[in-house]
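> Generate a structure from the sequence data that follows.
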Amino acid sequence: MRKQPKNITVEITGMSCASCAKRIEDAIGNTNGVSESIVNFATKKATVTGSASAEEIYKVIEGLGYGIVKEETPAVSEKEIAQSEWKRFLISAILSVPVFTISMFMIHFKFSDLAQFILTTAVIFWPGIGFFKNAFKQLRHWSLGMDSLIALGAGAAYGFSVTTLIKGGSGLYFESASIIITLILLGRFFETKAKGKAGEAIRKLMNLQPKMARVVRDGTEKEVPVIEVQVGERLVIRPGEKIPVDGVITDGWTSIDESMLTGESMPLNKEEGDKVFGGTVNTTGLIYMTAENIGANTVLAHIAKLVEDAQGSKAPVQRLADKVSGIFVQIVIVIALLTLGAWVLAGHSFNEALIPAVAVLVIACPCALGLATPTAVMVGTGRAAEAGILIKDATSLELAHKINTLVLDKTGTITEGKPRVTDLFNINNEKTAETDNKNGLDILHIMGSCEQHSEHPIGMAIVHYVKGQGIDLKEVKDFKAIAGMGIRAIYNGYTVLIGSDRLMTENNIDISELKQKAMEIKGEGKTVAFMAVDNKAEAVIGIGDVVRETSKDAIQKISDMGVEIVMLTGDNEVVAETVGKEMGIMTVKSNLKPADKCDEIKEIQQSGKIVGMIGDGINDAPALATADVSFAIGTATEIAMEAANITLVKGDILRACEALKLSRQTMNIIRQNLFWAFGYNVLALPVAALGLLNPMIAAGAMAFSSVSVVANSLRLRRFKL
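Sure thing, here's the model as predicted:
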């Protein structure tokens, strides 16, 4: 039986540069059963797609001389790694400073050369031994990496100095060997610390979930770890507490702060039957809920997984850096040997030629090149997640900045997607508030009370509108839904009809005085319903899909960014044109089926444009799949997240504007990083080869280049959306 493709994520240890990542990626990619392999140097993880087993992947990685972190292996945090790096640096610095002082200030005493030898040997075989171990592993598997360069550089200086010391000669370079290792260790400490900050988004997300939950077991409340909560269990959430898992309210009423999911600052009112999500905050009332999704199945966990996947993915712009990194170490070794030979042929002594050759080995670190793109992607996707923008992969983040045409669905995207009461006029053609003064009837109270048992969207819209006015409803008698026309009920002895003009006509009710107003409402593309009490027409109601409050502002901002806006909708021409005109959208196409939307998008793409599409992630799935970059309006449901490249959790087009801005800024940061990373190597190598760069300065500059690239990426954390 054929194995089904699956995704395997492996955490790798021992990678020291982008060359390592490229080497592992190629080796895994050439393994039978592997269809795709992505190794991210910044996250130290490999993502493998295919039918190959985890054991097969482990074997390939370990065969190259690298280690893996298995599930049973205790996880090591970035903080612990940084602490270890700091400890190694301190030991190296304490041992190296005396060597540097003796050499720099030419301090000579009886055992000064021996002291340098002993201290440098301690540096090499204590804090610096990891470089040499990794270099040996890499050499054994013919896969040279950054550690090989460091080991060659420091080892050459150390070995030459030891040989000279034994022969009783002068011209020792112990200080170069020890300071190179010390500065590299310092650079790695700062790099680890900076990369830890880049990955804070996921940790912040998961820290939103409380560690404990209060469950009802055997009739009593018990506080248990949240990982022990089972599906179907009853939980108690007190005011001010975080909701531990996803579920549904079974008893109580409250307001929930869902800003961590949606970015919406105002708490939402929740009552029995409403869904609540883990990590959100219960602000006011005591509620009971039933657990529905726990652990990795919660919305919060899905969001964290999406962010992690995006941070581990690879942007197309990274391909050039990967190609260079894959052969960089070999090129550098050749340049170093050529430098050594050229200096000797030019008449310099081997001692003099060794210094620029070592400087070439040390300065040519491809780390900055490997970190340029992934660190920016990590920080950018993390910043987006904090703003309620879930980006599925680095390719989407990169491509979004090229979008020059944005296609919008209407229903549920520009509009709220739910029918709302937009117009209400009484028989006198006056807008009704609460009471018709003519006959003392409470129009709103009658409408809401009679429709409260209706399951039709129009009936529910009327009830929602009435309740929104703070009006309590009254029970009615003999409620009856009349298919395709409306409802009939007895309210306080009055016979009430609410429905279409056909319902009024079939019951011989004169609606001529409301006809003009009804035509005006219909002219705006809205649905019309009439209300009659005891066979007399009393009011006309307009129900329509309301435009989101932020839509017009968002569309204007996106247009100001130079992006053309197009609206494609399956709704009728009248409604489409009305909404398009209100939003200031010049290109509006209506009465489109899902396949028609795809054809329209393809036609735009054929003109050479990069098309983004915003839809609800379900009904617009074909169009979303056709677009170059798709945005799903949703409430963080799994369906919406799977259907699109980018999910706008809050369900607001304004988030799409922010996503475009963030994409552009992220690409600016990536370009800056790549410019400096490439520029650093292009400029530094000839300078080192010409003997204008001391190996110690080269080590410091190399460490600084990696740290500067990560620090530049971290600026995205403060980017204002």
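> The closest residue to residue 524 other than its chain neighbours and residue 422: what is the separation?
Of all residues not flanking residue 524 in the chain, residue 578 sits nearest, at 5.7 Å (C-beta to C-beta, 6 or more residues apart in numbering). Every residue, glycine included, has its C-beta placed from N, CA and C. Applying C-beta to C-beta, to the nearest Å, the value for residue 578 to residue 422 is 12 Å.
> what do you get for residue 123?
Distance of residue 123 to residue 422, given as C-beta to C-beta: 77 Å.
> neighbour count winner among these two?
Each of residue 123 and residue 422 has its neighbours counted (other C-beta atoms under 10 Å); residue 123 has more, 27 against 17.
> and the helix or strand hosting that one, what's its mean pLDDT?
Residue 123 belongs to helix 112-125 when elements are defined using DSSP states H and E. Across helix 112-125, pLDDT averages out at 91.
> who are the neighbours of that helix, in terms of helices and strands?
Helices and strands touching helix 112-125, as assessed by 3 or more C-beta pairs under 8 Å, 6 or more residues apart in numbering; DSSP states H and E, comprise helix 78-104, helix 146-167, helix 174-198.
> Check which residues of that helix are buried.
Neighbour-count burial for helix 112-125 flags 112, 113, 115, 116, 117, 119, 120, 121, 122, 123, 124 (criterion: 16 or more other C-beta atoms under 10 Å).
> and of those residues, the nearest to residue 32?
Using C-beta to C-beta, residue 124 comes nearest to residue 32 of those, at 41.1 Å.
> Could you find the closest non-adjacent residue to that closest one?
Residue 124 sits nearest to residue 158 (C-beta to C-beta, 6+ apart), 5.8 Å away.
> got it, and residue 294?
Residue 294 sits nearest to residue 245 (C-beta to C-beta, 6+ apart), 4.8 Å away.
> ditto for residue 151
Nearest non-adjacent residue to residue 151 (C-beta to C-beta, 6+ apart): residue 135, at 3.6 Å.
> Let me know whether the one you found touches residue 150 as I believe.
Yes. With contact defined as C-beta atoms under 8 Å, residue 135 reaches residue 150; the gap is 7.5 Å.
> Look at these two and report which has more neighbours.
Remark: of residue 135 and residue 150, residue 150 carries more neighbours, 27 against 23, as counted by other C-beta under 10 Å.
> list the contacts for the closest residue to the more buried one other than its chain neighbours?
Among residues not flanking residue 150 along the chain, residue 131 sits closest, at 4.7 Å (C-beta to C-beta, 6+ apart). By C-beta atoms under 8 Å, 6 or more residues apart in numbering, the contact set of residue 131 is 147, 150, 151, 154, 181, 184.
> Give me the phi and psi angles of residue 131.
Backbone geometry at residue 131, expressed as degrees, to the nearest 10, gives phi -60, psi -40.
> per-residue pLDDT, residue 244?
At residue 244, the predicted lDDT confidence score is 92.
> where does it land in three-state SS?
Reduced to three states with DSSP: H, G, I helix; E, B strand; the rest coil, the structure at residue 244 is coil.
> Who is the closest residue to it other than its chain neighbours paired with across the strands?
Spatial nearest neighbour of residue 244, chain neighbours left out: residue 213 (3.8 Å); criterion: C-beta to C-beta, 6+ apart. For residue 213, the beta-bridge partners are residue 224 (DSSP bridges).
> how many neighbours does residue 213 have?
26.
> Report the distance from the helix holding residue 123 to the chain centre.
When C-alpha coordinates are averaged (C-alpha atoms, centre = their mean, to the nearest Å), helix 112-125 and its chain have centres 49 Å apart.
> Name the helix or strand of this structure that has the lowest mean pLDDT.
Every helix and strand in the chain was compared by mean pLDDT, DSSP states H and E; the lowest is helix 638-643, with a mean of 52.
> Just the mean pLDDT for stretch 271-286, thanks.
Mean per-residue pLDDT for stretch 271-286: 87.
> and that stretch, C-alpha only, in PDB?
Extracted C-alpha coordinates of stretch 271-286, given in PDB (Å, rounded to 0.1, in the frame of the first residue of the first chain):
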ATOM      1  CA  GLU A 271     -24.700  34.100  26.600                       C
ATOM      2  CA  GLU A 272     -25.800  30.500  26.700                       C
ATOM      3  CA  GLY A 273     -25.100  28.700  23.400                       C
ATOM      4  CA  ASP A 274     -22.200  31.100  22.300                       C
ATOM      5  CA  LYS A 275     -18.800  29.800  21.600                       C
ATOM      6  CA  VAL A 276     -15.800  30.900  23.600                       C
ATOM      7  CA  PHE A 277     -12.100  30.400  23.000                       C
ATOM      8  CA  GLY A 278      -9.100  29.400  25.100                       C
ATOM      9  CA  GLY A 279      -6.800  32.400  26.100                       C
ATOM     10  CA  THR A 280      -9.600  35.000  26.000                       C
ATOM     11  CA  VAL A 281     -10.600  36.700  29.200                       C
ATOM     12  CA  ASN A 282     -14.000  36.500  31.000                       C
ATOM     13  CA  THR A 283     -14.400  40.100  32.200                       C
ATOM     14  CA  THR A 284     -17.800  40.300  34.000                       C
ATOM     15  CA  GLY A 285     -20.100  37.400  34.800                       C
ATOM     16  CA  LEU A 286     -19.700  33.900  36.200                       C
END
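> Next, the buried residues of it.
276, 277, 278, 279, 280, 281, 282, 284, 285.
> got it, and stretch 591-601?
Neighbour-count burial for stretch 591-601 flags 592, 597, 598, 600, 601 (criterion: 16+ other C-beta under 10 Å).
> Using CSV, write out every CA atom in that stretch.
Coordinates of each C-alpha in stretch 591-601 appear next as CSV, following Å, rounded to 0.1, in the frame of the first residue of the first chain:
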residue,chain,number,x,y,z
ASN,A,591,-24.3,38.3,-10.8
LEU,A,592,-21.1,36.2,-10.9
LYS,A,593,-21.0,32.5,-10.1
PRO,A,594,-17.8,31.1,-8.3
ALA,A,595,-16.4,29.9,-11.6
ASP,A,596,-17.0,33.4,-13.1
LYS,A,597,-15.0,35.0,-10.3
CYS,A,598,-12.1,32.7,-11.2
ASP,A,599,-12.3,33.7,-14.9
GLU,A,600,-12.3,37.4,-14.0
ILE,A,601,-9.2,36.9,-11.8
